[in-house]
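Participant: Turn this into a structure:
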Amino acid sequence: MIARLRGRIVGRGDGFVLLETGGVGFQVCMPRPLADEAAESPAEVILYTHLVVRDDAMALFGFLAPGELEMFRLLITVNRVGPALANTILSQMTVSDLAAAVIGGDEKALTRVSGVGPKNAGRIILELRDRMRKKAALLLEGQAAVADSLQSDAESALLALGFSPRESREAVSQAISMMPHPVVQDVIKASLRRLRER
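Facilitator: Model (predicted):
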């Protein structure tokens, strides 16, 4: 398994970059906004990768942050969501917007993505919400459960994106304290902004 690559971007195409490291060029599929960002970097970049192996092909998918890779891996566990569709979703939605849509049950936000119809949107929300909560429960095992469902839902989304229980709890608490009428989508977005600023 190729888990991470570090090198220079020496070329790019529609939905992929060519990363050279150690004299070897890897074609890495990426969501378009991330491919643009990586291609514009003058220095070496680190890509967190997921290798998809099929009978007729191999494809390497890359991301600039572990949370982006984690969301991709969650998406491809959903029935009828393959790597290409997951890549399309992450090309048209940020990780924070996607997490907010899943936790908040916002099917309309997901159906704005080309290739995602109402049935797929409902399936993604149902399956990912359950998986995010299970993952969060495992990470919080042995700790006191959070009573407030708003706080719990927002923390679950952050935990599923790879943030630690402490980071998630602190960021969500701070975000909620700054909002007069908090809703889960806004709390997740505000919490992710705070975590990026650190």
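Participant: How about the helix or strand harbouring Leu150, which residues are buried there?
Facilitator: Assigned by DSSP states H and E, Leu150 falls within helix 149-160. Within helix 149-160, the residues that count as buried by 16 or more other Cβ atoms under 10 Å are 151-160. All C-beta spots, glycine's among them, are computed from the backbone N, C-alpha and C.
Participant: Return the member of these nearest to Asn87.
Facilitator: Ala160 (18.7 Å; Cβ to Cβ).
Participant: any idea how far the closest one lies from Phe63?
Facilitator: 15 Å (Cβ to Cβ, to the nearest Å).
Participant: ditto for Gly25
Facilitator: Gly25 is 19 Å from Phe63, by Cβ to Cβ.
Participant: ok, those two, which is more surrounded?
Facilitator: Higher neighbour count among Gly25 and Phe63: Phe63, with 25 against 12, using other Cβ atoms under 10 Å.
Participant: check contacts around the more buried one.
Facilitator: Applying Cβ atoms under 8 Å, 6 or more residues apart in numbering to Phe63 gives the contacts 30-31, 34, 47-49, 69, 72.
Participant: likewise Thr21?
Facilitator: Contacts of Thr21 by Cβ under 8 Å, 6+ apart are 5-8.
Participant: tell me the domain ranges of the chain?
Facilitator: The chain breaks down into these domains under automatic domain parsing: 4-64, 68-197.
Participant: Please identify the most buried of those domains.
Facilitator: Compared across those, domain 68-197 shows the largest average neighbour count, a mean of 18 (mean count of other Cβ atoms under 10 Å).
Participant: Work out the gap between that one and the centre of the chain.
Facilitator: Mean C-alpha position of domain 68-197 versus that of the full chain (Cα atoms, centre = their mean, to the nearest Å) differs by 8 Å.
Participant: Report how far apart the opening and closing residues of that domain are.
Facilitator: One end of domain 68-197 sits 17 Å from the other (Cα to Cα, to the nearest Å).
Participant: Low-confidence stretches in the protein?
Facilitator: For the chain, the stretches flagged by pLDDT under 70 are 132-148, 198.
Participant: Am I right that Asp56 sits in a helix?
Facilitator: No. According to DSSP: H, G, I helix; E, B strand; the rest coil, the state of Asp56 is coil, so it is not within a helix.
Participant: residue contacts, it?
Facilitator: For Asp56, no contacting residues are found, by Cβ under 8 Å, 6+ apart.
Participant: Would you mind measuring from it to Ile176?
Facilitator: Counting by Cβ to Cβ, the gap from Asp56 to Ile176 is 49 Å.
Participant: do the same with Val95
Facilitator: For Val95, the distance to Ile176 - Cβ to Cβ - is 20 Å.
Participant: ok, now Ser168?
Facilitator: 12 Å.
Participant: Check Asp14 too.
Facilitator: 41 Å.
Participant: ditto for Ser114
Facilitator: Distance of Ser114 to Ile176, given as Cβ to Cβ: 34 Å.
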